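Chemist: Kindly generate the corresponding structure for this input.
(2 chains)
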Amino acid sequence: MGKYLARRILTTIPVLVGISFIVFALVSFAPGDSISLMLSNETVNVENVAKLKAELGLDRPWYVQYVSYMGKLVKGDMGRSVQFNRPVAEMIGEKIGNTFKLTIFSCFVSLCIAIPLGVLAAARRRSIFDYSATAIALVGVSMPSFYLGLLLILFFGLRLGWLPIRGLPTYDSTFLKQIRYLILPSITLGSSMAGILTRLTRATMIEALGQDFARTARAKGQSEMGVLFKHAFPNAFLPILTTFGMQFGSLLGGAVIIETIFSLPGLGMLAMNAVKFRDLPLIQGTVLVFAVCFVAVMLIVDILYVFIDPRIRYD
Amino acid sequence: MFRKTFAAIVLTALLLGGATAAFGATPRSGGTLKVAASSLQSLQLYKTAANDITDSQSVIFDTLFILSKDDFKPIPSLAEKWTNPDPLTWVFSIKKGVLFHDDNPVFPKGTRREVTADDVVYSIEFMQKTSTAYTLGPITGVKALDRYTVEITTKTPQPFLVNDPNRLCRMCIIPKEAIDKLGEDGFAKHPIGSGPYKFKSFSPDSGLLLVKNAFYRLPVYLDAVEFVVIPDPLAQSIALQSGEIDVIKHLFNLEMADSFEKNAKFNVVKSGGGSYRGLGFNTTVAPYNNPAVRKALSMLLDIDTAYKAIIGDHGERAYGQVPPWVPFGYDPSLKDLWSYDPAQGLKILAANGFKDQDGDGFLDLNGKPFKIEIKTLAGSQVKALTILATQLREKGINASVLTQDTAVWADDLLKGNTTVFFDYSFAGTTGFHSLFHGSMIGAANTHFYNNPEVNKLLDEALTKVKFDELSSLWKKAQRLVFKDTVGIPLYFEYSYAVASKKVVDFVPPWGGLTLVSSENNVWLNK
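Modeler: Numbers count the residues shown, from 1 in each chain, chains lettered A, B, ... in the order given. So this is what the prediction gives:
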């Protein structure tokens, strides 16, 4: 296992270097840059912007800038935001916690919805429960998240006044208070994932319940609940775990709309604003963080396989 | 009988007095004002002209003067008065006894650190050195003449130093010790000023909490001001209706202004200011390098219909770049430069090589298909521009609107890849100079327009302190610019703020957000 982990971590390095190169090149060649944006502002101080351009090395060829950036990155320096003149690492550090909170809570919500619904749908095939679960999953996948978010805000936030319409309390943020604030954005973000996982759970459970071991368990007098959760579900769980891992990674970066609607200052919004302003160091920083998180999540999923299915071993 | 009448009169007077007090005639202390902000990533001074950042800073820091909400003329704030003994010299006298905030990492609680002329000098030099978003112009020297008097000398006369919302008006008074001790980054995390509210806590893109400065030179009624970050305009509107915030200081959606006006729980406050909206031409690219073609195109546009359909009462027709509310340069006679005369316009185009040669219903230019692509940012203007493009198509010009990402839009403009574009700026003041002076090519002058006569008038205008002299030169310059049809003025769009009815005396930001001044003092009537 140790060798496997070391190998996986080492292979991550060229992946990250490749990602950083692609992002750098794409942004460098894309039309527009942060300096142009500054200059288009009618109140701009043209001389100081020119100085800033030189200070940040933005007047050098893109490949020279890239090498310089990577040289600093190796030492842990992610550079400074062009727009805000703040260390990128600091800006990411302020936001990453919020994104993780939202993503983890969303995953929790989606699992709480998907697993029971999927198992029930599989256990009661072609019943009202099955059809209802399918319908709920379809709504979750089909409804645009911004629309669902606004509906929830209007109903639970404005009409009933039960829940806050913002994603995070700014001050006096106890754990329970933060949970309360995260309910609506987590349901919004988790609904799509819940839909996907519900359908997947149903499918894998149906397959597992049709296997010999399930029939044997029933024949030996195991209760239906026991067959479902002691025998079928552990076997059905691997594909669910894989999909969950991939969805988790995409949730990290895909929460931009949710963060905007619920005023939740996270990495998604930071990345979007960085792209809008062509703030290259900030774009690079956020993309690399997303990439590292995604790779880490997939590694954790691979490790969990070993615990869930004893047949799986890594040399 | 007399006693009964007297008692009735006394009782009525008491009731009226009580009612008057209850309805807010007397300001009440207390409460936290919650103001919506779209983005508040950093409190770094002078790095961005983003409204939310500059509005929050204007509540923390003092400035030498503010602009009047009624006529936008400068009125004293930290400065008691100022004089212009010669065209190159400005002398500011600042108020005595003004204190920087205490109870922070630089000035412990109870510290009485007075603001002096040296602080003003330092603040000006700091802005000159670090600002990318604003410029003070050619200041050659700044020095303290005594403890409360500052002299500023300029290379050329600079009336805009005090007349413009984006020059000295933006200069925040800061203590040198704070920058020395905390550094620029640290100071941005814990700003220290002498304004009516002092920094308490900041969570980037989440919220900023400011508390009352009990030692401010004017009464401060609110206990605290909280800037609550809500990026989405619809979410801001919902938050206001649910009571999570009290004020939306910049209402982006004009349709929301109408719906809030109908709601008795809110006040919609129109800002005295507004922005200039127009169509601009890149005057170096054919056929737009031909003034006759530009003129002809303007004659094909029924601008009144277009802007009224979209903006309605939320703006007014523009005939020049300077609106009526700017104290200098407004010229209503520019109206005679513009006419809706499609027949004449088409005649001029025909004389300049426009003819439908391929029979597709659209004019071609010298045998080649001709197309106008109006490049714009997203916003309320897209609808108006779409109507104008439709009008052009009806007249046989193949026109369309292309909405671009901000960075792409700016890049295309600066590189001259745009021919016809949405033109916008501050209405009047430095906006006019920035858009049309030859020296601003490569920056805000994306028309690439360089008329020596206009440049001369604008340069001379920069030397005039008296509004009537300034006005006369600007009117001449505007007439030249628009006779050349460098751009086509469309309308001035008003800006609005919406506040809960309990918020009293709120004024929409102009050159910064003013919550406490000689003209207004915000309080909450609960």
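Chemist: Provide the secondary structure category for the residue of chain A found nearest chain B.
Modeler: Ranked by C-beta to the nearest C-beta, the top residue of chain A for proximity to chain B is residue A:32, at 2.9 Å. All C-beta atoms are positioned from the backbone trio N, CA, C, and that covers glycine. Secondary structure, DSSP: H, G, I helix; E, B strand; the rest coil: residue A:32 is coil.
Chemist: Check residue 84 and give its pLDDT.
Modeler: You didn't pick a chain, so chain A it is. Residue A:84 is assigned 83 on the pLDDT scale.
Chemist: wrong one, chain B
Modeler: 89.
Chemist: Give the next helix or strand downstream of the stretch of helix or strand it belongs to.
Modeler: Assigned by DSSP states H and E, residue B:84 belongs to strand B:79-86. Once the chain leaves strand B:79-86, the next helix or strand it forms, by DSSP H and E, is strand B:89-94.
Chemist: what about that following strand, distance to the chain center?
Modeler: Centroid separation for strand B:89-94 versus its chain: 25 Å, with C-alpha atoms, centre = their mean, to the nearest Å.
Chemist: tell me the angle it makes with strand B:79-86.
Modeler: Relative orientation of strand B:89-94 and strand B:79-86, computed by axes from the mean of the first three to the mean of the last three C-alpha atoms, to 10 degrees: 160 degrees.
Chemist: Which elements pack onto strand B:89-94?
Modeler: In this structure, strand B:89-94 packs against strand B:79-86, helix B:117-130, strand B:149-154, with contacts taken as 3 or more C-beta pairs under 8 Å, 6 or more residues apart in numbering or on different chains; DSSP states H and E.
Chemist: among the ones you listed, which is nearest residue A:231?
Modeler: helix B:117-130 (68.0 Å; C-beta to C-beta).
Chemist: List the buried residues of the closest one.
Modeler: Of all the residues in helix B:117-130, those buried under the rule 16 or more other C-beta atoms under 10 Å in any protein chain shown are B:117, B:119-124, B:126-128, B:130.
Chemist: check these against chain A, which are close?
Modeler: residue B:130 (C-beta under 8 Å from any C-beta of the partner chain).
Chemist: Adding pLDDT, write the buried residues of helix B:117-130 out as a markdown table.
Modeler: Below are these laid out as a markdown table (pLDDT from 0 to 100):
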| residue | pLDDT |
| --- | --- |
| B:117 | 98 |
| B:119 | 98 |
| B:120 | 97 |
| B:121 | 98 |
| B:122 | 98 |
| B:123 | 97 |
| B:124 | 97 |
| B:126 | 96 |
| B:127 | 95 |
| B:128 | 93 |
| B:130 | 92 |
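Chemist: The helix or strand containing residue A:3: what's the following helix or strand?
Modeler: Using DSSP H and E, residue A:3 maps to helix A:2-29. The first helix or strand that comes after helix A:2-29 along the chain, using DSSP H and E, is helix A:34-40.
Chemist: Any part of that next one near chain B?
Modeler: Yes - using C-beta under 8 Å from any C-beta, helix A:34-40 reaches chain B at A:34, A:36-40.
Chemist: Next SSE downstream of that helix?
Modeler: helix A:46-55.
Chemist: what comes up buried for that following helix?
Modeler: Buried positions in helix A:46-55, judged by neighbour count with 16+ other C-beta under 10 Å: A:46, A:48-49, A:52-53.
Chemist: now those residues as TSV including distance to residue B:459 and pLDDT?
Modeler: Formatted as TSV, the buried residues of helix A:46-55 follow (distance: C-beta to C-beta, whole Å; pLDDT from 0 to 100):
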residue	distance to residue B:459	pLDDT
A:46	17	80
A:48	22	85
A:49	22	85
A:52	27	84
A:53	27	86
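Chemist: how about the strands of the stretch 401-526 of chain B, start to end?
Modeler: Counting by DSSP state E, counting those that start in this stretch, the stretch 401-526 of chain B has strands at residues B:420-426, B:487-500, B:503-504, B:523-524.
Chemist: For chain A, find the nearest of these.
Modeler: Closest among the strands of the stretch 401-526 of chain B, once you apply C-beta to the nearest C-beta, is strand B:420-426, at 5.1 Å.
Chemist: ok and the closest one relative to strand B:487-500, angle-wise?
Modeler: 50 degrees.
Chemist: which other helices and strands contact strand B:420-426?
Modeler: Using 3+ C-beta pairs under 8 Å, 6+ apart, strand B:420-426 sits against strand B:266-281, strand B:371-376, helix B:381-394, helix B:430-436.
Chemist: Would you reformat these as JSON lines and include mean pLDDT?
Modeler: Conversion of the helices and strands packed on strand B:420-426 to JSON lines gives the following (pLDDT from 0 to 100):
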{"stretch": "strand B:266-281", "mean pLDDT": "87"}
{"stretch": "strand B:371-376", "mean pLDDT": "96"}
{"stretch": "helix B:381-394", "mean pLDDT": "94"}
{"stretch": "helix B:430-436", "mean pLDDT": "84"}
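Chemist: Please identify the most buried of the ones you listed.
Modeler: Of all these, helix B:430-436 has the most neighbours on average by mean count of other C-beta atoms under 10 Å in any protein chain shown, namely a mean of 24.
Chemist: show me what contacts the closest residue to chain A within the stretch 401-526 of chain B?
Modeler: Ranked by C-beta to the nearest C-beta, the top residue of the stretch 401-526 of chain B for proximity to chain A is residue B:407, at 2.9 Å. Residue B:407 makes contact with A:30-34, A:36-37, A:276-278 under the criterion C-beta atoms under 8 Å, 6 or more residues apart in numbering or on different chains.
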